[in-house]
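1. everything below, folded, please.
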Amino acid sequence: MSLEAIQKVTEAEQQSARQIAEAEQAAKKTIAEAERAGDELVQTARAQAESQAKAMQTEAEQKAEEQAQAIQRETDEKCRSLKEQAEAHLAEAAELIVRRVVSR
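-> You can find the predicted model right below:
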């Protein structure tokens with residue numbers, strides 16, 4: 001083989017080695033960027049999920065508070081009604097007690 005042919009083969013091998021190294025470097029860079037982007041997506045999704053969970057919890061707490069207030073109002077109304085009924089029958093009950101005591 002001539003010296004010129006050997007030089008061409010050597011140059012081709014060196015060129016090929018450079019191209020392989022460049023391709024490997026580009027692949028590593030692409031993988032690193034993809035991993036970084038994936039991490040960012042995971043962090044964004046996690047933040048959105050946490051935000052949504054907080055919003056749902058706040059909404060649930062508000063509904064629970066509204067229900068508790070409605071139940072409290074209903075209970076207060078029932079108590080007021082029972083008290084009014086008891087007061088309405090108070091005179092009648094006192095009269096009945098007096099009649100029983102007097103009739104003995």
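
2. how near is residue 88 to residue 100?
-> Using Cβ to Cβ, to the nearest Å, residue 88 is found at 20 Å from residue 100. No exception for glycine: its C-beta is placed from N, CA and C like everyone else's.

3. ignore the last one, residue 78
-> For residue 78 relative to residue 100 (Cβ to Cβ), the value is 30 Å.

4. for burial, what's the neighbour tally of residue 4?
-> Residue 4 has 8 neighbours, counted by other Cβ atoms under 10 Å.

5. ok, now residue 56?
-> The tally of other residues near residue 56 (other Cβ under 10 Å) stands at 10.

6. phi, psi of it?
-> Dihedral pair for residue 56: phi -70, psi -40, per degrees, to the nearest 10.

7. which pLDDT does the model give it?
-> For residue 56, the pLDDT comes out at 98.

8. would you map the helices across this protein?
-> Taking DSSP state H, the helices of the chain run over residues 3-102.

9. poorly predicted segments of it, please.
-> For the chain, applying pLDDT under 70 flags the ranges 1.

10. again, 90 this time
-> Across the chain, the ranges flagged by pLDDT under 90 are 1-6, 8, 86-104.

11. middle-most residue in it, spatially?
-> Computing the C-alpha centroid of the chain and ranking residues by Cα atoms, centre = their mean puts residue 53 first, at 1.4 Å.

12. that one and residue 39, how far apart?
-> Distance from residue 53 to residue 39, counting by Cβ to Cβ: 21 Å.

13. for residue 103, phi and psi?
-> When read as degrees, to the nearest 10, the backbone of residue 103 gives phi -70, psi -10.
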